[in-house]
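[1] Predicted model follows, preceded by the sequence.
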Amino acid sequence: MAKKFDMTAMAATPSSSDGERQLLLSLFAVTAKNCDSEELRHDGEDSDRKQQQRQGRTAISLSLPFSLFSISYFCSFPLLMGGFHPNICFTDGSAGRKLIHLIALALNLDEDFFEKVGALDAPMPFLRLLHYPGKLEPSGEEIYGASAHSDYGMITLLATDGVPGLQACIEFGFFYLVNHGMEEELFQRMFEENSRLFSLPMEDKAKMSRKNQRGYTPLYAGNLDPSTNSKGDSKDGFFSGPLEGTIKDLNQWPFEGKLESSGEEIYSASAHTDFGMITLLATGGVPGLQVCTFAGINPSNQGSGRTCRILMVETWSGKEMSKALKLPIIDLSSPDRISTAKSIRQGCIEFGFFYLVNHGVEEELFRRMFEESSKLFSLPLEDKIKMSRKQHRGYTALYAENLDPSSTPKGDSKESFYIGPLEGTIKDLNQWPLEESLPSWRSTMECYYNKVLSAGTRLMHLIALALNLDEDFFEKVGALDVPMAFLRLLHYTGQLEPSGEEIYGASAHSDYGMITLLATDGVPGLQVCRDKSQHPRVWEDVPNIKGAFIVNIGDMMERWTNCLFRSTLHRVMPTGQERYSAAFFMDPNSDCVVKCLESCCSESCPPRFPPIRSIDYLKERLRLTYGS
Ligand SMILES: O=C(O)CCC(=O)C(=O)O
Ligand SMILES: [Fe+2]
């Protein structure tokens, strides 16, 4: 995962009194290319998956790759309401220059090496605005937003609106840069102007067609990797070159009047970068959504095609980049049970989350489960409604559940289907789709349920060891006699609200029970907040690891352990991408009394919660969520 570099020590005060210069100063920085190891893992996968992931990725995002062929100053993007204007928002490139000094030091060179060799004499920075409309090919042909390439120059500083899509095929060569001296407000304004530019009528954009590497390039006009992509890349772009010297006049600018008042445009595009040695990625957020985030953006920018409600909102304003969590990976088959238990303990204390591998559920079974799950959710609504949730089994429609009413009055944008215990008399409470319409559905889900239950039971033995208890402790207290395990299939449609209202896939919540074993189809979205008392909250991405479960501790386990093990707040962001997941909630048997473990309390640390019967606790939590 990309590392983060703090430039605080290097941050300079903007030297210009000019407000526009100040604006620009804030424009750069933050992240290098978002090198997501999960995405890397998926890189070689079949195009069906990719295609599926892109479905529903509607429209809009913009990206601002800042390509620095050499750095002496930054060229910048004219941002003011008057529209594009070449004279404003221009800096001495302080962030990039400082970074280049650090890079020289990183190479054991003198700090001013790149100056000395003249790399920074004749500045050739290019600003390239990009817009990925997010439309898929009707033919099903896979057309990349930008196909595989490396950047040509020295370093690249990339800002995106946060819509995912950028992938790198190595983990290194990328890093995030923070405390670089650029204010959020400039990012916000830059993206706003950017969106306006790409919303201009085609004839206006065509008038600025690229000449001398400056100006507009339409959709499919570029092709970074003809070997994978015959049609060209599905993005349009706009280049601006150096703003100093005689060559400054080569730039093309839109007429000022053209960009004045819109604010109504709708964009869809995914962010990404290009050209260089390193890329610094800043996510500013889609204008629509950012409206909610940053003061000053017109809320009417939120449109029906809007893709992504960016996860940067809270982390950004908290001066923290969202980062992917490095959770412990627990090997369920490891013969070294003691050290495995220790890792579990550490994961549960520190994060409340960990990955579980070698758990005995085959990839083929995951594939079949997701395939059948998608068939169920594709049934006509009237068929699904016939299986509406009763006794906590069956179908819950879009928006019917609201895990955090304080953040989402409308309800969460997901539909789900619960399957309860398959043993004992209560097994008949389950609802199943008609065999005629989905013949393999029930057998696939039963097989999946049983295998995850068996993995979960083995995991509970290790969790007991992790708590310094006998391995069979949870059996002994009756937690696993007919365990109350619920498999919940989830489908996030990826549709965004036409109103621009912020609707989470799953709003912030903690799980109610003992442990949850989560499988996802790899589409991102899951985030955790490790410290719910911190404001603003910092949310961290939980990348998927193919074939692994993401396991988290639930509230009843937190009660059992007197808060030693953490039931961590988590949520699923709306990313504009369709997503499937399957959560397996392993709860203690109904009559099991959840009472603070002796190993987790003492005189100085008395029990924080009274004992409670599992079913009473669960019923109350479900009542609060579903109203019944
Ligand atoms: O879909 C996901 O990734 C998480 C779902 C979840 O947290 C839940 O259903 O409790
Ligand atoms: Fe959850």
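    Ah, there it is. Treat the numbers as computed from the prediction; the structure is a model and nothing was measured. Ligands and ions are numbered 1, 2, ... in the order given.

[2] how far away is residue 420 from ligand 1?
    When distance is defined by CB to the nearest ligand atom, to the nearest Å, residue 420 is 15 Å away from ligand 1. Using the backbone N, CA and C atoms, a C-beta is placed for each residue, glycine as well.

[3] wait, doesn't that residue sit right on residue 426?
    Yes. The pair residue 420 / residue 426 is scored as a contact, 6.6 Å apart, by CB atoms under 8 Å.

[4] Counting neighbours, go ahead and name the busier of those two.
    residue 420 (20 against 15; other CB atoms under 10 Å).

[5] Please tell me how far that one sits from residue 414.
    Look at residue 420 and residue 414: by CB to CB, to the nearest Å, they are 19 Å apart.

[6] what do you get for residue 425?
    Relative to residue 414, residue 425 is positioned 31 Å away (criterion: CB to CB).

[7] Relative to ligand 1, how far out is the residue lying closest to residue 532 once chain neighbours are set aside?
    Residue nearest to residue 532 in three dimensions, not counting chain neighbours: residue 569, with 4.8 Å by CB to CB, 6 or more residues apart in numbering. Applying CB to the nearest ligand atom, the value for residue 569 to ligand 1 is 10 Å.

[8] residues touching residue 569, list them.
    By CB atoms under 8 Å, 6 or more residues apart in numbering, the contact list for residue 569 reads 508-510, 528-529, 532, 537.

[9] So what does the closest residue to ligand 1 within the stretch 351-500 of the chain look like in phi/psi?
    Taking CB to the nearest ligand atom as the measure, the stretch 351-500 of the chain has residue 490 as its residue closest to ligand 1, at 4.8 Å. Taking degrees, to the nearest 10, you get phi -130, psi 140 for the backbone angles of residue 490.

[10] in the sheet, who's paired with it?
    For residue 490, the beta-bridge partners are residue 416, residue 581 (DSSP bridges).

[11] I figured it hits residue 584, correct?
    No. If you go by CB under 8 Å, residue 490 and residue 584 don't touch, sitting 11.3 Å apart.

[12] Can you list the residue ranges for helices in the stretch 401-550 of the chain?
    Counting by DSSP state H, counting those that start in this stretch, the stretch 401-550 of the chain has helices at residues 441-466, 473-476.

[13] So which elements touch the longest one?
    Using 3 or more CB pairs under 8 Å, 6 or more residues apart in numbering; DSSP states H and E, the elements in contact with helix 441-466 are helix 337-350, helix 363-377, helix 473-476, strand 484-492, strand 515-520, strand 549-553, strand 579-587.

[14] Near ligand 1, which residues of the chain? Just list them.
    Within the chain, the positions near ligand 1 by CB under 6 Å from any ligand atom are 488, 490, 506, 511, 518, 520, 526, 570, 572, 581, 583.

[15] residues contacting the closest residue to ligand 1 within the stretch 451-600 of the chain?
    Residue nearest to ligand 1 within the stretch 451-600 of the chain: residue 581 (3.4 Å; CB to the nearest ligand atom). Contacts for residue 581 (CB under 8 Å, 6+ apart) come out as 489-490, 492, 518-521, 526, 572.

[16] what do you get for residue 562?
    596-597, 600-601, 605, 607-609.

[17] check contacts around residue 594.
    With CB under 8 Å, 6+ apart, residue 594 has these contacts: 556, 559-560, 588, 611-614, 617.

[18] Those: which two are farthest apart?
    The distance between the two most remote of the contacts of residue 594 (CB to CB) is 13.0 Å, for 560 and 613.

[19] For the two, indicate the residue with more neighbours.
    A side-by-side neighbour count of residue 560 and residue 613, using other CB under 10 Å, places residue 560 first with 27 against 16.

[20] which ones are touching residue 529?
    508, 537-540, 568-571.

[21] just residue 332 next, same as before
    For residue 332, the contact set (CB under 8 Å, 6+ apart) comprises 340, 356-360, 455, 458-459, 462.

[22] wait, what's in contact with the closest residue to it other than its chain neighbours?
    Excluding its sequence neighbours, the residue lying closest to residue 332 (CB to CB, 6+ apart) is residue 359, at 4.6 Å. By CB under 8 Å, 6+ apart, the contact set of residue 359 is 332-333, 455, 458-459, 548-549.

[23] Just among those residues, which is most surrounded?
    residue 549 leads the contacts of residue 359 on contacts (other CB under 10 Å) with 28 neighbours.

[24] quick one: that one and residue 453, what's the gap?
    Going from residue 549 to residue 453 by CB to CB gives 12 Å.

[25] Same question for residue 374.
    23 Å.

[26] more crowded one of these two?
    Neighbour totals were compared for residue 374 and residue 453, and residue 453 leads with 20 against 15 (other CB under 10 Å).

[27] State the distance from the more buried one to residue 446.
    On the measure of CB to CB, residue 453 and residue 446 end up 10 Å apart.

[28] show me where pLDDT drops low in the stretch 251-400 of the chain?
    Within the stretch 251-400 of the chain, the segments meeting pLDDT under 70 span 256-323.

[29] Of the contacts of residue 359, which pair is most distant in space?
    Farthest apart among the contacts of residue 359 by CB to CB are 458 and 548. That separation is 15.1 Å.

[30] buried residues in stretch 396-406?
    396, 398, 400-403 (16 or more other CB atoms under 10 Å).

[31] Can you pull out the residues in contact with that stretch?
    If you take CB under 8 Å, 6+ apart as the criterion, stretch 396-406 is touched by 381, 384-385, 388-389, 408-418, 493, 503-504, 506-509, 571, 625-626.
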